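Novice: What shape does this take:
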Amino acid sequence: MDINSIIMKKRARGELDREEIKYFVGKYLKNEISDAQVAAVMSYIYTDGLTETEIINFATEIGKSGDVLDLSQISDNIVDKHSTGGVGDKITLILLPVIAALGLPVAKISSRGYGIFGGTIDKLEAIPGFKTNITIKEFANNIEKIGISIASQELNLAPVENKFYRLRNEITCRDSIVLIAISLMSLKIATGSTKIVFDLSCGNGTYLKNKEEARKLGKLLVKMGKTLNKQVGYIITLMDEPVGNAVGNILEIQETIRCLNGKMPRDVEETVVMLRKYSFIFSIW
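Specialist: Okay, the predicted model is just below:
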């Protein structure tokens, strides 16, 4: 088995087995195959898709490419909310503290933005002195002691996902439903979250073009969740305009603080309430 045989197999639209996917992910983790070779496979996936079995195997192997957290000693209900992002999207920073304050433990690994908008970590680091690059032990302790932890993906959690995410953007495969689903679910495998709600944004300000694409992604994520023994739900948010009134990392943090003090723009409030309802439904399943 080698990378060339894997590239040729995907070029011929063949199905990769579990061992081939494990080999591919492992070699990429160790930098023993190049970005160009990975981009070739990624391009074939973008064009031809993957079988359901391949999707699950890719998500599992990427999720296990680093440390995998076991938070079952804290709770059987570890909640996570993940957004596909967009201009002005600060919902994660508003919603998760609310959920934690109401007694549901929250584990969240976030990445940086590679497109036209900042990621959750970029926004948090706009706060002077805010530390996002914590240890795995600190991450788990925060969940146990204060009910919430949001940390950078620079922890050794699904490190291959970060590489995939960067490369996916560089070769303009960022809107692939299959690649997005693999990326999102691999992070949830790594963090040990069991109840996950996805905020799938679509429109001019994000990757997904319309509701149809967002719905297709949502249905795939729900199906993956069932296979992986995770409870998954999703909502669809239109992103033809920025969420809320502020755009830009510092301005969005300032608006987040205002929202947590009860002064929410209408569109932000509607999204937060919808996602909070999902979180509580999960808590009693």
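Novice: only C-alpha atoms for contact and neighbour calcs from this point on.
Specialist: Fine.
Novice: where does the stretch 151-285 of the chain have low pLDDT?
Specialist: For the stretch 151-285 of the chain, the stretches with pLDDT under 70 are 153, 205, 277-285.
Novice: those strands in it, which residues are they?
Specialist: Under the criterion DSSP state E, counting those that start in this stretch, the stretch 151-285 of the chain contains strands at 195-202, 231-238.
Novice: Mind checking what secondary structure N31 has?
Specialist: Put simply, N31 is coil when judged by DSSP: H, G, I helix; E, B strand; the rest coil.
Novice: try I62
Specialist: Classified using three-state DSSP, I62 is helix.
Novice: mind listing what it touches?
Specialist: By Cα atoms under 8 Å, 6 or more residues apart in numbering, the residues touching I62 are 25, 158-161, 186.
Novice: between those, which is nearest V79?
Specialist: S186 (15.4 Å; Cα to Cα).
Novice: Not counting its neighbours along the chain, what's nearest that closest one?
Specialist: G63 (4.0 Å; Cα to Cα, 6 or more residues apart in numbering).
Novice: Check I134 too.
Specialist: A151 (6.6 Å).
Novice: how close does that neighbour get to R11?
Specialist: 37 Å (Cα to Cα, to the nearest Å).
Novice: if I read this right, S83 contacts F198, doesn't it?
Specialist: Yes: using Cα atoms under 8 Å, S83 is in contact with F198, at 5.7 Å.
Novice: Who wins on neighbours among the contacts of I62?
Specialist: For those, counting by other Cα atoms under 10 Å, the largest number of neighbours falls to A158: 29 neighbours.
Novice: From E252, how far out is the most centrally placed residue in the chain?
Specialist: Geometric centre of the chain, nearest residue: L184, 3.7 Å, by Cα atoms, centre = their mean. Distance, L184 to E252, using Cα to Cα: 23 Å.
Novice: which SSE is S149 in?
Specialist: strand 148-152 (DSSP states H and E).
Novice: helices and strands around that strand, which ones?
Specialist: Packing contacts for strand 148-152, counted by 3 or more Cα pairs under 8 Å, 6 or more residues apart in numbering; DSSP states H and E, involve helix 91-101, strand 106-110, helix 136-146.
Novice: Nearest to G248, out of these?
Specialist: Closest among the helices and strands packed on strand 148-152, using Cα to Cα: helix 91-101, at 13.8 Å.
Novice: Name the surrounding residues that touch the closest one.
Specialist: 81-83, 105-106, 120, 146-148, 256, 259-260, 268, 271-272, 275-276, 279.
Novice: In PyMOL, select just the buried ones from these.
Specialist: Entered in PyMOL, the line below selects the buried ones among the contacts of helix 91-101, by 16 or more other Cα atoms under 10 Å:
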select buried, resi 81+82+83+105+106+120+147+148+256+259+268+271+272+275+276+279
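Novice: H82 belongs to a helix, doesn't it?
Specialist: No: going by three-state DSSP, the assignment for H82 is strand, not a helix.
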